[in-house]
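**Q** I would like to see how this sequence folds:
(one chain, ligands or ions: 2)
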Amino acid sequence: MRQFFSVVAFTLLTIGFFAGFSNFGIPQIEPAPPPKEEKIALGAMTMEDFIALGERIFKGKGTCTLCHNPVGGRAPLLDQIGKVAAKRLADPRYKGEARDVEGYLHESLVKPSAYVVKGFGKKGTGDTVSPMPDVSGGSIGLSEAEIAAVIAYLQSASGVEVTVEIPAGAEPAAKAEKETAGEGRPLYASAEEAMRELGCGACHKVAGEQGEVGPDLTHIGAKRDRAYLRRAILDPNADIAEGFEPDQMPPDYGEQLYAKELEMIVDYLAGLK
Ligand code: HEC
Ligand code: HEC
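**A** Ligands and ions are numbered 1, 2, ... in the order given. Predicted coordinates:
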């Protein structure tokens, strides 16, 4: 009888194992649902999702990595920012209103000149004016919910406590997932749209934007011909505009733009007399 039970138990276990294996162990080959534009249901998000959202915004829509990257050194790296922020608050040069790390990060994003990291200020201002745009305005235009997600990401990535709360019922940030690069995206309809999506205005005065990092492009067509402009976009280090440094402008626009869009931008800039 005992033997009978152990045989039954063994059989059940074996069946159970294979049933479980076929359910969970073998990857499903159901077709994936078609990709859809991200509507952020903030209510249904875990903190992990929220931090991941912040990372996508940091690298995508927020255009933060245009400047905050290890190449070029045009902006400080942010991998330790959670710890650095505490020091900023104690610095006598700090003239903002933040009381904690979260507050400092929020202020850095919407009022960058409240504290300007030494050596990174706008030229000729003695580090009192930041060249970083207010990321809640202009072409970047992050909502409060998106800013909160970016702060959560920065806190998490720099190893400090994430103090941000997931905002309830905030404006859904439907465009967060929009990629600037890559195949399969529709053509930008105009030079202005292309430049908005590619973040040119974060660094340049152009198409209504007020970037401070690169040369003013509002009359660029009076100075430069089409061949120069095309080269300036495809290979920014080929000529360095007077008074500026190399390695500041992203070198990969050639990979992000369809040829037709590049020509639209070149035409647009050449027409700015
Ligand atoms: C056009 C270039 C540019 C863009 C785009 C940009 N930044 Fe900055 N950022 C800077 C520069 C330059 C500084 C240093 C000057 C200062 O302190 O404001 C800075 C400073 C900061 C600081 C304070 C750093 C410190 O050590 O105290 C934070 C935080 C920050 N940026 C976050 C962001 C985030 C997040 C984004 C995207 C949503 C972003 N930045 C987009 C150029 C940029
Ligand atoms: C992260 C900052 C940054 C971004 C983003 C950026 N640029 Fe620039 N750009 C610069 C800097 C700095 C210079 C000057 C140094 C040089 O000539 O490479 C420059 C130079 C130029 C010049 C040459 C100006 C001259 O007088 O010689 C053109 C044209 C230009 N950029 C167009 C663009 C366009 C179009 C975009 C978007 C597709 C763009 N830039 C995005 C920083 C940027």
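
**Q** What is the burial count for residue 132?
**A** 25 (other C-beta atoms under 10 Å). In short, each C-beta sits where N, CA and C put it, glycine included.

**Q** and if you look at the one 3 residues further on?
**A** Look at residue 135: counted by other C-beta under 10 Å, it has 22 neighbours.

**Q** what is the mean pLDDT for the host helix or strand of residue 261?
**A** In the assignment (DSSP states H and E), residue 261 maps to helix 259-270. Confidence over helix 259-270 (mean pLDDT, whole number) is 93.

**Q** Show me which residues of it are buried.
**A** Buried positions in helix 259-270, judged by neighbour count with 16 or more other C-beta atoms under 10 Å: 261, 262, 264, 265, 266, 268, 269, 270.

**Q** Would you check how far apart the residue lying closest to the fourth one once chain neighbours are set aside and ligand 2 are?
**A** Take residue 265 and drop its neighbours on the chain: the residue closest to it by C-beta to C-beta, 6 or more residues apart in numbering is residue 191, 4.8 Å away. Distance of residue 191 to ligand 2, given as C-beta to the nearest ligand atom, to the nearest Å: 9 Å.

**Q** Over to residue 48?
**A** Residue 48 is 30 Å from ligand 2, where distance means C-beta to the nearest ligand atom.

**Q** returning to what we had before: please name the residues that touch the residue nearest to residue 265.
**A** 207, 261, 264, 265, 267, 268, 269 (C-beta atoms under 8 Å, 6 or more residues apart in numbering).

**Q** Mind doing that once more with 10 Å?
**A** Residue 191 makes contacts with 200, 206-207, 261-269, 271, as judged by C-beta atoms under 10 Å, 6 or more residues apart in numbering.

**Q** Tabulate the residues you listed in JSON lines, adding columns for distance to ligand 1.
**A** Shown next, in JSON lines, are those (distance: C-beta to the nearest ligand atom, whole Å):
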{"residue": "200", "distance to ligand 1": "10"}
{"residue": "206", "distance to ligand 1": "13"}
{"residue": "207", "distance to ligand 1": "15"}
{"residue": "261", "distance to ligand 1": "21"}
{"residue": "262", "distance to ligand 1": "21"}
{"residue": "263", "distance to ligand 1": "25"}
{"residue": "264", "distance to ligand 1": "23"}
{"residue": "265", "distance to ligand 1": "18"}
{"residue": "266", "distance to ligand 1": "22"}
{"residue": "267", "distance to ligand 1": "25"}
{"residue": "268", "distance to ligand 1": "20"}
{"residue": "269", "distance to ligand 1": "19"}
{"residue": "271", "distance to ligand 1": "25"}
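
**Q** Count the neighbours of the spatially closest residue to residue 75 that is not a sequence neighbour for me.
**A** Once flanking residues are discounted, residue 75 sits nearest to residue 67: 3.9 Å by C-beta to C-beta, 6+ apart. Residues within reach of residue 67, counting by other C-beta under 10 Å, total 21.

**Q** what's the nearest residue to residue 154 if we skip its chain neighbours?
**A** Counting by C-beta to C-beta, 6+ apart, residue 81 is the residue found nearest to residue 154 once chain neighbours are left out, at 5.4 Å.

**Q** scratch that, residue 119
**A** residue 127 (6.9 Å).

**Q** hmm, stretch 232-247 touching ligand 2?
**A** Yes. Using C-beta under 6 Å from any ligand atom, stretch 232-247 comes into contact with ligand 2 via 232, 233, 236, 239, 240, 241, 244.
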